[in-house]
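[1] Sharing a sequence plus its predicted fold:
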Amino acid sequence: MVQQEDIKKAVEVLQAGGTIIYPADTIWSLGCDATNSKAVEKIYRIKFRSRKNHLILLVSDENMIRNYVKLVPDIATELMISFQGPLTIVYDDAMNLPKNVLGEKGAISMRIPKSDFCIDLLKAFGKPITSTSAKLSGERNPSTFHKISPEILDASDYICQSDRDFVNSPKPSTIIKVDKNGVMQVIRG
């Protein structure tokens with residue numbers, strides 16, 4: 001399947017409130033429309049994941065972040081430009097998102113992926129997509145498509161065809177919290 005056809009089908013499923021399995025820039029991920037609370041609930045149910053563990057969202061660019069966060073501190077912009085590996089930034093004061101995707105006190109975790117497929121998918125969809133490992137809670141992260149458990153594959157509404165032979169980094173993104181005053185705290189290195 002051609003990548004553009006794959007993206008088109010994934011977007012159709014996301015728009016309908018469905019879930020997808022797709023190659024993120026770190027590991028194979030389970031995603032949905034992050035602005036759709038019912039779709040987010042599906043993600044928690046599929047993974048048997050606690051709602052205390054909020055989800056990371058992928059966004060296409062800083063402009064998309066600004067649609068969902070009241071303030072993007074200057075230091076966050078500098079980190080997005082200069083950080084070499086996959087970087088997730090936790091922002092205070094999320095907006096325009098359902099409560100079940102937010103963390104403590106309305107915080108939200110967002111990452112601009114370093115993957116052409118993900119960027120193209122996000123631009124075509126026009127909204128953030130959840131990015132959580134395509135695994136049941138407690139399992140190991142799937143570094144390749146072929147290591148995703150049948151339970152996750154069967155529970156998703158669409159499985160992307162692109163990059164199935166690509167070996168992703170088994171290491172998840174670095175997570176840095178940046179508060180509205182620009183104070184940084186490394187959550188996961």
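    In hand now; what should we look at? Residues are numbered from 1 along each chain as shown.
[2] Show me which residues of the helix or strand containing L79 are buried.
    Assessed by DSSP states H and E, L79 sits inside helix 74-82. Neighbour-count burial for helix 74-82, counted by 16 or more other Cβ atoms under 10 Å, picks out I75, A76, L79, M80. Using the backbone N, CA and C atoms, a C-beta is placed for each residue, glycine as well.
[3] My guess is S149 contacts S133. True?
    No. S149 lies out of contact with S133 (Cβ atoms under 8 Å); the separation is 10.9 Å.
[4] okay, the two: which has more neighbours?
    It is S133, of S149 and S133, that has more neighbours when counted by other Cβ atoms under 10 Å, with 22 against 14.
[5] Report pLDDT for K171.
    At K171, the pLDDT value in this model is 69.
[6] next one: the one 10 residues further on
    N181 carries a pLDDT score of 85 in this model.
[7] What is the longest helix of this protein by residue count?
    Counting residues, the longest helix found in the chain (DSSP state H) is helix 3-15.
[8] picking up where we left off before, can you list the buried residues of helix 74-82 in CSV and add distance to P86 and pLDDT?
    Output for the buried residues of helix 74-82, formatted as CSV (distance: Cβ to Cβ, whole Å; pLDDT from 0 to 100):
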residue, distance to P86, pLDDT
I75, 18, 92
A76, 15, 93
L79, 12, 92
M80, 11, 91
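[9] the helices in the chain, which residues?
    With DSSP H as the criterion, the chain has helices spanning 3-15, 37-47, 62-66, 74-82, 116-125, 150-155.
[10] Just name whatever secondary elements the fourth one is in contact with.
    It refers to helix 74-82. Contacts defined by 3 or more Cβ pairs under 8 Å, 6 or more residues apart in numbering; DSSP states H and E place helix 74-82 against strand 87-91, strand 174-178.
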